[in-house]
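Novice: pasting the sequence and the predicted coordinates here, then a few questions.
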Amino acid sequence: MKKLFVSMMALAAIALIPQFVSAADGEATLKGEPVDINCYMTGKSGEGHAACAKSCAEKGNPIGFLVKDGDKSELYLVVGNGKAAKDIMAPLMGKQVTAKGTVKDLDGMKVFEVSEAS
């Protein structure tokens with residue numbers, strides 16, 4: 001129950017992130033870092049946290065895609081496109097990657113439906 005609560009709080013927080021570097025709805029290629037949302041909410045991300053983030057992603061924790069532009073950033077909720085998000089992103093956690101897919105704004109929450117990433 002605690003994990004569900006933390007996940008729901010993380011998703012609610014994503015909706016509150018300012019829209020600085022947003023991609024417009026539709027097909028997009030974004031450069032950023034796949035992050036475990038639960039860990040990111042406690043300030044943990046980057047290469048030093050990659051092993052934990054990968055483990056959490058493989059367990060099914062929500063995955064985010066952090067896109068930075070200077071001191072501005074935006075976090076997208078990642079969902080898979082015909083494949084589980086964890087199968088696409090878990091091996092890449094903590095790294096800077098390029099991902100292709102579709103960006104959608106669902107009631108104020110930015111969602112990135114990823115089809116491929118490297």
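Specialist: Sure, I can see it.

Novice: drop to CA atoms for contacts and neighbour counts, all remaining ones
Specialist: Fine.

Novice: chain neighbours aside, what residue packs nearest to the most centrally placed residue in the chain?
Specialist: Geometric centre of the chain, nearest residue: residue 64, 1.3 Å, by Cα atoms, centre = their mean. What sits nearest to residue 64 in space, not counting adjacent residues and going by Cα to Cα, 6 or more residues apart in numbering, is residue 77, at 4.6 Å.

Novice: so the one you found sits right up against residue 111, yeah?
Specialist: Yes. The criterion here is Cα atoms under 8 Å, and residue 77 meets it with residue 111 at 4.7 Å.

Novice: of these two, which one has the most company?
Specialist: For residue 77 versus residue 111, the count of surrounding residues by other Cα atoms under 10 Å is larger for residue 77: 25 against 21.

Novice: quick one: the more buried one from residue 31, how far?
Specialist: Per Cα to Cα, to the nearest Å, residue 77 is found 14 Å from residue 31.

Novice: cool, residue 60 as well?
Specialist: According to Cα to Cα, residue 60 stands 23 Å off from residue 31.

Novice: ok, the two, which is more surrounded?
Specialist: Comparing residue 60 with residue 31 by other Cα under 10 Å, the one with more neighbours is residue 31, at 18 against 14.

Novice: so the more buried one bridges to which residues?
Specialist: residue 98 (DSSP bridges).

Novice: that one contacts residue 101, correct?
Specialist: No. Using Cα under 8 Å, residue 31 is not in contact with residue 101, being 11.6 Å away.

Novice: mind listing what's buried along stretch 55-73?
Specialist: For stretch 55-73, the neighbour count (16 or more other Cα atoms under 10 Å) marks 55-58, 61-67, 73 as buried.

Novice: quick revisit: contacts only, for the residue nearest to residue 64.
Specialist: 11, 14, 62-65, 109-112 (Cα atoms under 8 Å, 6 or more residues apart in numbering).

Novice: closest to residue 27 among those residues?
Specialist: For these, the minimum distance to residue 27 (Cα to Cα) is 9.5 Å, reached by residue 112.

Novice: host element of that closest one?
Specialist: Per DSSP states H and E, residue 112 falls inside strand 109-117.

Novice: give me the sheet partners of that strand and which way each runs.
Specialist: Using DSSP bridges, the strands paired with strand 109-117 in its sheet are strand 72-80 (parallel), strand 97-106 (antiparallel).
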